[in-house]
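Engineer: return a 3D structure for these sequence lines:
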Amino acid sequence: MMLLIDAGNSRIKWRLVGENVHASGTCTHDAPDDLAVCIETPGITRVLGCNVAGSAKGEALAAIVARRGLALEWISSGVQRCGVHNMYAHPARLGADRWAALIGARGHYCSRDILVVMAGTATTLDILSADGRFTGGHILPGVELMRQALSHGTAQLPTTGGRYRNHPRDTADAIVSGCLHAQAGAIERIFHYMNAAGSVCLLSGGAADEIEPLLDIPFHRIDNLVLDGLHRIAHAA
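Structural biologist: Take a look at the predicted model:
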């Protein structure tokens with residue numbers, strides 16, 4: 001049995017897998033209690049993870065795993081893996097979470113051009129061709145970072161509250177609605193730029209719930225693409 005860990009900037013997502021998924025969950029870096037309980041499950045022989053939260057948080061997670069006498073294997077980006085070819089100018093500089101998400105996406109669709117959207121602390125828009133080439137991607141602040149930028153960079157804009165409205169008549173609503181339109185607009189723009197019949201957009205990440213209703217392109221919601229990628233990597237190793 002394997003434990004897969006996606007250590008993101010804001011949250012930790014984990015999945016316990018054997019022949020099937022046994023359990024999964026989400027926790028924070030400040031309170032990884034569920035993960036600490038999960039690692040005590042009998043029969044775990046391998047722990048594979050993806051870390052973009054920094055070395056200190058990675059070491060804290062590795063220490064939790066080490067209590068069970070196991071080593072936490074962190075993946076890193078490479079030139080080729082699981083049918084995905086990394087066309088980055090410097091392949092090792094591609095974020096490990098983006099690499100794992102691309103590999104996860106390839107497992108779902110192996111004969112179509114894919115726009116892989118990870119909507120988290122940052123929103124990443126990565127293009128994966130039908131023949132498995134990662135041809136490039138875009139990064140923009142996520143919904144919450146956009147809101148924080150407005151509140152920190154101005155004197156009178158609210159930092160909390162608000163909800164999406166088609167016609168906002170309140171400043172907090174206007175901020176939320178504007179940030180969500182910026183996210184959806186970027187996704188749609190890149191998707192149309194791909195301009196390939198049969199292309200598909202895969203939407204994942206913590207902010208997907210907010211963005212999903214605004215998208216006017218064909219897409220599929222697939223949660224935890226990073227964990228899907230880790231699962232493929234583990235079985236290919």
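Engineer: can you list contacts of the lengthiest strand in the chain?
Structural biologist: Of all the segments of type strand in the chain, defined by DSSP state E, the longest one is strand 133-141. Residues from elsewhere that reach strand 133-141 (CB atoms under 8 Å, 6 or more residues apart in numbering): 84-88, 94, 98, 102, 116, 122-129, 149, 182-183, 186, 190. Placement of C-beta: from N, CA and C, glycine included.
Engineer: if you set the cut-off to 7 Å instead, what comes out?
Structural biologist: Outside strand 133-141, the residues within contact range by CB atoms under 7 Å, 6 or more residues apart in numbering are 84-87, 98, 102, 122-129, 149, 186, 190.
Engineer: residues contacting the spatially most central residue of the chain?
Structural biologist: Residue closest to the mean C-alpha point of the chain, counted by CA atoms, centre = their mean, is Met118 at 4.3 Å. For Met118, the contact set (CB under 7 Å, 6+ apart) comprises Asp97, Arg98, Ala101, Thr124, Ser204, Gly205, Leu225.
Engineer: the second one sits in which helix or strand?
Structural biologist: According to DSSP states H and E, Arg98 maps onto helix 96-108.
Engineer: beyond that helix, next helix or strand please.
Structural biologist: Next element after helix 96-108 (DSSP H and E): strand 114-119.
Engineer: number of nearby residues for Lys57?
Structural biologist: The local packing of Lys57 (other CB atoms under 10 Å) involves 18 other residues.
Engineer: do the same with Gly137
Structural biologist: 20.
Engineer: how close does it get to Met1?
Structural biologist: 33 Å (CB to CB, to the nearest Å).
Engineer: with just CA atoms, put the longest strand of the chain into PDB.
Structural biologist: The C-alpha trace of strand 133-141 is given here as PDB (Å, rounded to 0.1, in the frame of the first residue of the first chain):
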ATOM      1  CA  ARG A 133       4.400  17.100 -25.300                       C
ATOM      2  CA  PHE A 134       4.100  19.800 -22.600                       C
ATOM      3  CA  THR A 135       4.500  22.800 -24.900                       C
ATOM      4  CA  GLY A 136       4.300  25.500 -22.300                       C
ATOM      5  CA  GLY A 137       2.100  27.200 -19.700                       C
ATOM      6  CA  HIS A 138       1.000  30.300 -18.000                       C
ATOM      7  CA  ILE A 139       0.900  31.300 -14.300                       C
ATOM      8  CA  LEU A 140      -1.300  34.000 -12.700                       C
ATOM      9  CA  PRO A 141      -2.300  34.800  -9.100                       C
END
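Engineer: between strand 114-119 and that strand, find me the angle.
Structural biologist: If you take axes from the mean of the first three to the mean of the last three CA atoms, to 10 degrees, strand 133-141 sits at 30 degrees to strand 114-119.
Engineer: buried residues in strand 133-141, which are they?
Structural biologist: For strand 133-141, burial by neighbour count (16 or more other CB atoms under 10 Å) applies to Phe134, Gly137, His138, Pro141.
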